[in-house]
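1. next input, structure requested:
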Amino acid sequence: MLNFTAAQSLMSMTSIDCWAAFAPLLANVICCPQLHATLVILVGQSSKETGLLALNRTLAKPCLSDIEQVLTGQGAGDNLKQICSTHPSNLTEASCPVKDVDEFENTINSSELLASCEKIDPVKECCDQLCQGAISKAATRLAFKASDPLSMDGPHVLPELSTRVNDCKTVVLRWLASKLDPYHAKEVLRGLTNCNVNKVCPLVFPNMRHVANSCGNGTSNQTACCDAMDSYVSHLQKQALITNLQALDCATSLGLKLQKYNITKNVYSLCHISLKDFSLQGWFLSGCLLPSLPSDATFDKFSGISFICDLNDNIPAPWPSLSLLPASSCNKTLRIPALPATTNAQSGLYNEYVEVYHLIASSMAIMMLLRF
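-> Numbering: from 1, shown residues only. Now for the predicted structure:
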């Protein structure tokens, strides 16, 4: 069974990161990465007593329920299973053929894996992928230990192998978590997850035909075009808090979609759309962009829930073009997190000053915000 006492501070941090009122808004960047890291660490730490890097299917369901109850009792949302898509299989070996610690360590180069992953730089790792590469190598070796090796001429061999390798990656992460204390394991796991978080815009883009009708034909009516853009962006602003790098991805994605509707003029510049316009707005926020590096929420009984916002968020959204590709966070000449150049007197690309928003956890206020 899982030992919650050994990870008490980790559980407390997870309940704050997934605080009931804010879990849906912080889900993509903070809550779900922290919750998944917690599940990995709990199973990894338990392996030091059980010798197994997975729970059996009979125990997985009640154990996941126990975890949810503990988190909910500390203030976390009671719908994390839906928000973060957690399942009992998150605690089992799934399709990975290896879960015994001794067999694991006899199959992979454990010293090489630990050396690559026991401490990572959250910026360099996303570009150099030293630890990620070691995890993939170990997971692939585990996947081929299956007693029913996949037929190399079958039509489903690649999808099945990919699924098995991914399941084995989770087992590898649990082994790593067993070799580190919970705090450092959490730092490593959040750093690895963050590489994927910042690669993709998490926003859902609704139909943009109204924008296409108002901004097409060379944007002859600027007022109508910008009214349509403002209305469209206002729908994006009801979805979630995102990082500055995600905002960059979202600006590029939306711009490319608009260009498919034959909108060639830079409507971002025309309508003064900035990166912060892609993040949650309203009530307590005016476009908070979360840092691109892993961060956690904090709780104070007087001021409520707090999290960090990057103040360098008034930067105009870049209009995508073949001659001006989005700034890459792996560009060695840029400060991380990479942002497009400013058009005012600001020097450099990254303002290191941040603002902390103190939020009173009022679910009623959140629901009022999301209704409009």
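
2. just checking, D277 touches C288?
-> No - using CB atoms under 8 Å as the test, D277 is too far from C288 to be in contact (11.7 Å). All C-beta spots, glycine's among them, are computed from the backbone N, C-alpha and C.

3. neighbour count winner among these two?
-> D277 (24 against 21; other CB atoms under 10 Å).

4. ok, that one - contacts?
-> Residues counted as contacts of D277 (CB atoms under 8 Å, 6 or more residues apart in numbering) are V233, L236, Q237, G287, A317.

5. secondary structure class for the residue nearest to V204 when sequence neighbours are not counted?
-> Once flanking residues are discounted, V204 sits nearest to Q239: 6.8 Å by CB to CB, 6 or more residues apart in numbering. Three-state assignment for Q239 (DSSP: H, G, I helix; E, B strand; the rest coil): coil.

6. quick check on Q239: phi, psi?
-> phi -90, psi -60 (degrees, to the nearest 10).

7. count the neighbours of it for me.
-> 18.

8. roughly how far apart are it and P206?
-> 10 Å (CB to CB, to the nearest Å).

9. residues in contact with K199?
-> K199 makes contacts with D249, as judged by CB under 8 Å, 6+ apart.

10. part of a strand, is it?
-> No - if the criterion is three-state DSSP, then K199 is coil and not within a strand.

11. please report phi then psi for it.
-> Per degrees, to the nearest 10, the backbone of K199 is at phi -80, psi -20.

12. what confidence value was assigned to it?
-> Note for K199: predicted pLDDT of 92.

13. by mean pLDDT, which helix or strand of the chain comes out lowest?
-> Lowest mean confidence among the helices and strands of the chain (mean pLDDT, DSSP states H and E): helix 363-371, at a mean of 38.

14. low-confidence ranges in the chain?
-> The model of the chain has pLDDT under 70 over residues 147-158, 218-219, 282-286, 311-313, 322-329, 331-372.

15. the longest helix in it is where?
-> If you go by DSSP state H, the chain has its longest helix at helix 157-179.

16. can you name every helix or strand that that helix contacts?
-> helix 32-50, helix 101-107, helix 110-117, helix 130-143, helix 182-197 (3 or more CB pairs under 8 Å, 6 or more residues apart in numbering; DSSP states H and E).

17. export those helices as JSON lines, with columns for distance to T252.
-> Shown next, in JSON lines, are those (distance: least, CB to CB, whole Å):
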{"stretch": "helix 32-50", "distance to T252": "23"}
{"stretch": "helix 101-107", "distance to T252": "41"}
{"stretch": "helix 110-117", "distance to T252": "31"}
{"stretch": "helix 130-143", "distance to T252": "24"}
{"stretch": "helix 182-197", "distance to T252": "16"}
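
18. how much space between the residue nearest to V204 and A247?
-> Using CB to CB, Q239 is found at 12 Å from A247.

19. now do the longest helix of the chain and helix 182-197, the angle between them.
-> 150 degrees (axes from the mean of the first three to the mean of the last three CA atoms, to 10 degrees).

20. put the alpha carbons of helix 157-179 into PDB.
-> Only the C-alpha atoms of helix 157-179 are listed here, as PDB (Å, rounded to 0.1, in the frame of the first residue of the first chain):
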ATOM      1  CA  VAL A 157       3.200  -3.000 -34.200                       C
ATOM      2  CA  LEU A 158       4.300   0.600 -34.000                       C
ATOM      3  CA  PRO A 159       1.200   1.900 -32.100                       C
ATOM      4  CA  GLU A 160       1.400  -1.100 -29.700                       C
ATOM      5  CA  LEU A 161       5.100  -0.700 -29.200                       C
ATOM      6  CA  SER A 162       4.700   3.100 -28.600                       C
ATOM      7  CA  THR A 163       2.000   2.500 -26.000                       C
ATOM      8  CA  ARG A 164       4.200  -0.100 -24.200                       C
ATOM      9  CA  VAL A 165       7.200   2.200 -24.200                       C
ATOM     10  CA  ASN A 166       5.100   5.000 -22.800                       C
ATOM     11  CA  ASP A 167       3.800   2.800 -20.100                       C
ATOM     12  CA  CYS A 168       7.400   1.700 -19.300                       C
ATOM     13  CA  LYS A 169       8.400   5.400 -19.100                       C
ATOM     14  CA  THR A 170       6.100   5.700 -16.100                       C
ATOM     15  CA  VAL A 171       7.700   2.700 -14.500                       C
ATOM     16  CA  VAL A 172      11.100   4.300 -15.100                       C
ATOM     17  CA  LEU A 173      10.000   7.600 -13.500                       C
ATOM     18  CA  ARG A 174       8.800   5.700 -10.400                       C
ATOM     19  CA  TRP A 175      12.200   4.000 -10.100                       C
ATOM     20  CA  LEU A 176      13.800   7.400 -10.300                       C
ATOM     21  CA  ALA A 177      11.400   8.700  -7.600                       C
ATOM     22  CA  SER A 178      12.400   5.900  -5.400                       C
ATOM     23  CA  LYS A 179      16.000   7.000  -5.500                       C
END
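
21. any buried residues in that helix, and which?
-> Going by neighbour count (16 or more other CB atoms under 10 Å), the buried part of helix 157-179 is 161, 164-165, 167-179.

22. any idea which of those is closest to C84?
-> Of all the buried residues of helix 157-179, T170 has the smallest distance to C84: 14.6 Å, by CB to CB.

23. shouldn't that closest one be in contact with A37?
-> No - look at T170 against A37 with CB under 8 Å: they stay out of range, at 11.4 Å.
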